[in-house]
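Asks: Predicted model and sequence follow; I will ask about them next.
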Amino acid sequence: MITQELLDARSKLEERLQKLTGGAGVFASESDIFAMSCGCIGAISYIQGLQLEDVEVYHDELKNLIEDFSRNLGIFPSVSYAQMKPGKFDLERLQAHDLCDSCKKEYAGCGGKPWPDMILFKMDEGGESAFTDILRFRSGLEELLRVISKRPAYVMQFNIFARICGCVGVTAVVRGIFGDEIQRNAEEIVEHLTRTSEEVGIEPTVVYTTFVHGTEAVAGISAQATCKACRTTYEEYEVIPRPDLDILYFEK
Amino acid sequence: MRWLSVAHPGHMEALKEIVEAGGSNIYEVYTGGSPDCIGTARSGLGTPTTEDIREQVDYAHANGIRMNIVLNSACLGGRHLTRDGHNLYRWYLKILNDVGVDAVTVAEPFLVEMIAKEFPDIAITVSCIAFVASPQKAIYYEELGADTIALDININKNFPVLENIRDAVDCKLKLLVNEGCIFDCPFRYAHFNLLSHANGPEPRPLLNYEYYQQRCASMRVEHPELLISSGWIRPEDVKEYEAIGIDIFKISGRIQSVNWITNCVKAYTSREYHGNLLELLDSTRELRRLFYLPNDALEGAIEKWKTCDKNCYRCGYCKKLSSEILVYSERRTPDETLKPLSDYMVV
């Protein structure tokens, strides 16, 4: 199942990074496979502990590392790069995309530097990705939210994630849907996300929405199989509720 | 005649492509300065050194283009009114002056006056986030020392006010053509204030949420007519503004990819565009993957907006036009399609 592969790929990437840089303080806090609303799919690894000079020194190795990571997950990238934190010298993430036609145009040109805070490893035609189900997951949820809200609700991005703590899950970045609409249709949404999660090998223990802070506008919907430590966060929810979170399902 | 002010992400490769795309239409390029001195109201993606700026100034000048450094923090946190802060700004502006920067864009009246007095070789643009939206405010800034005023985007479709401002001041007037922000946005002041701190000197807030951007995107999905009533100017309509004496037209987007910027430059220099208007708009770009707003369907709407009284609650013209919007569905799947907005909601 893709989620187990993602968990393994995250650990392997972290191990290779630590061996490469000799840095015990270097780690991959989270790895994701994603589908964007434009049609791009890709793989990301969020990295802690590396700087611009590391990226320059280990340029070729980091390129191989993120591309292997992506290919092993069935995504054959047409672009790979290191994304720095805006205006800083810290590496934020390594990323590989199978680009949509529109984004291909944006990434092209400019001597391999479409944005100043990105270090492009490669840009070519890529291959035909093997794992494209994630596009269907994104649009399937979007259509469901549109039916529920009676407006063109928007799933900007759909991710399958594996975190360093052991949590795995699926999460959607959404716009144009509100808490009461989700609540009225909670059962249907939980069922949809559970089914999607199971397709990728996740048995969610918690399903929740996150709000745009201080409002009823929904910013994200997630289904997650929590690790032991993170489970406490949700167990405490009834005692210490979080204003930005609404739990739709929690396996006691 | 040079009439475009073009966003520049900050690296030399980008500058070369922008110059190639816009050629002799480009009056100036603008890019962020050092966030450690004075912030800007947009994220700074690059951190150009003094040498980088000098090299780029030389390249721009060789092509007949001016270099404008944006220092338009909406809030300086009172630093400018301390002796140390004033000296820091003086030190930084001297560096910009020494490397040949032609102009700076500022939003703080103190900086307008201080730069006019201490750096007469640097031209001053008053930022659109100084929200100049009346003849009187324009006069105040001109008297403080402004050479150019970028007007508040909320008056982009208010021709009587634009004409009155033109009558009131002699300085150059600039309009931002491709910002898609909500008309009379309730978040505008607070959002720019937040961004100014997030992209200014330390301490910077460590944000968990970008409330304003997320909230405004949700509002536009709920009310797609907000995409229409926004202050953007279509490439085809630029001539209407030239006719009332607007001097410079600013293309926003210094955090976008270089090819995106050059695509906008090409659309505005050719004065026509046949495609999704949202592809040209800088904010909120995320919605261009949801909605398709055919630019051709907006032909002639400028005539209505020229006399619009901005009472959206009783007009309904932009809401009616929103029926032209199409919605993307099932992207990059076998069922991918564009559907009318009316398939999803009552228009």
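Replies: Happy to help now that I have it.
Asks: List the contacts of residue A:48.
Replies: Counting by Cβ atoms under 8 Å, 6 or more residues apart in numbering or on different chains, residue A:48 makes contact with A:25, A:26, A:27, A:28, A:29. The C-beta positions use only the backbone N, C-alpha and C, and glycine is treated the same way.
Asks: Would you map the strands across the stretch 51-200 of chain B?
Replies: B:66-71, B:103-106, B:123-126, B:148-150, B:172-176 (DSSP state E, counting those that start in this stretch).
Asks: for chain A, same thing?
Replies: A:27-36, A:41-48, A:79-84, A:91-98, A:118-123, A:154-163, A:168-175, A:206-211, A:218-225, A:245-250 (DSSP state E).
Asks: Any idea how far the second one is from the middle of the chain?
Replies: Taking the mean of its C-alpha atoms, strand A:41-48 sits 7 Å from the chain's own mean (Cα atoms, centre = their mean, to the nearest Å).
Asks: pLDDT on it, on average?
Replies: The average pLDDT within strand A:41-48 is 96.
Asks: tilt between that strand and strand A:27-36?
Replies: Between strand A:41-48 and strand A:27-36, the angle comes out at 160 degrees (axes from the mean of the first three to the mean of the last three Cα atoms, to 10 degrees).
Asks: Parallel or antiparallel, which strands does strand A:41-48 pair with?
Replies: Neighbouring strands of strand A:41-48 in its sheet, by DSSP bridges, are strand A:27-36 (antiparallel), strand A:91-98 (antiparallel).
Asks: The first one vs strand A:154-163, what angle?
Replies: If you take the same axes, to 10 degrees, strand A:27-36 sits at 150 degrees to strand A:154-163.
Asks: Tell me how many other residues surround the closest residue to residue B:85 other than its chain neighbours.
Replies: The spatially closest residue to residue B:85, leaving aside those adjacent along the chain, is residue B:79, at 3.6 Å (Cβ to Cβ, 6 or more residues apart in numbering or on different chains). Counted with other Cβ atoms under 10 Å in any protein chain shown, the neighbours of residue B:79 add up to 17.
Asks: in stretch A:230-238, what counts as buried?
Replies: A:230, A:231, A:234, A:237 (16 or more other Cβ atoms under 10 Å in any protein chain shown).
Asks: any low-confidence regions in chain B?
Replies: B:44-45 (pLDDT under 70).
Asks: circling back: want to try JSON lines for the strands paired with strand A:41-48, with mean pLDDT and mean neighbour count as columns?
Replies: Output for these, formatted as JSON lines (pLDDT from 0 to 100; neighbours: other Cβ atoms under 10 Å in any protein chain shown):
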{"stretch": "strand A:27-36", "mean pLDDT": "96", "mean neighbour count": "23"}
{"stretch": "strand A:91-98", "mean pLDDT": "96", "mean neighbour count": "23"}
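Asks: returning to that earlier point: right, and the strands of the stretch 51-200 of chain B - which one's nearest chain A?
Replies: Closest approach to chain A among the strands of the stretch 51-200 of chain B is made by strand B:66-71 (13.5 Å; Cβ to the nearest Cβ).
Asks: ok, residues contacting the closest one?
Replies: B:5, B:27-33, B:37-40, B:42, B:53, B:56-57, B:60-61, B:96, B:100-106, B:111, B:123, B:125, B:127, B:254.
Asks: Report the strands that pair with that strand, each with its relative direction.
Replies: Sheet pairing for strand B:66-71, using DSSP bridges, gives strand B:26-32 (parallel), strand B:103-106 (parallel).
Asks: May I have the shortest one exported as CSV, CA atoms only?
Replies: Listed next in CSV are the C-alpha coordinates belonging to strand B:103-106 (Å, rounded to 0.1, in the frame of the first residue of the first chain):
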residue,chain,number,x,y,z
ALA,B,103,13.5,55.5,-7.1
VAL,B,104,12.0,54.0,-3.9
THR,B,105,8.4,53.1,-3.2
VAL,B,106,7.3,54.0,0.4
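Asks: Format the CA atom coordinates belonging to stretch A:213-231 as CSV.
Replies: Extracted in CSV, the C-alpha atoms of stretch A:213-231 (Å, rounded to 0.1, in the frame of the first residue of the first chain):
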residue,chain,number,x,y,z
HIS,A,213,-8.7,30.9,12.6
GLY,A,214,-11.5,32.5,14.4
THR,A,215,-14.1,31.8,11.7
GLU,A,216,-16.5,29.2,10.5
ALA,A,217,-14.7,29.0,7.1
VAL,A,218,-13.1,25.6,6.7
ALA,A,219,-9.4,25.6,5.7
GLY,A,220,-8.8,21.8,5.8
ILE,A,221,-10.3,18.4,6.2
SER,A,222,-8.2,15.5,7.3
ALA,A,223,-8.4,11.8,8.2
GLN,A,224,-5.5,10.5,10.2
ALA,A,225,-4.2,7.3,11.9
THR,A,226,-2.5,8.9,14.9
CYS,A,227,0.6,7.7,16.6
LYS,A,228,0.4,7.1,20.3
ALA,A,229,1.8,10.5,21.3
CYS,A,230,-0.5,12.5,18.9
ARG,A,231,-3.5,10.5,20.0
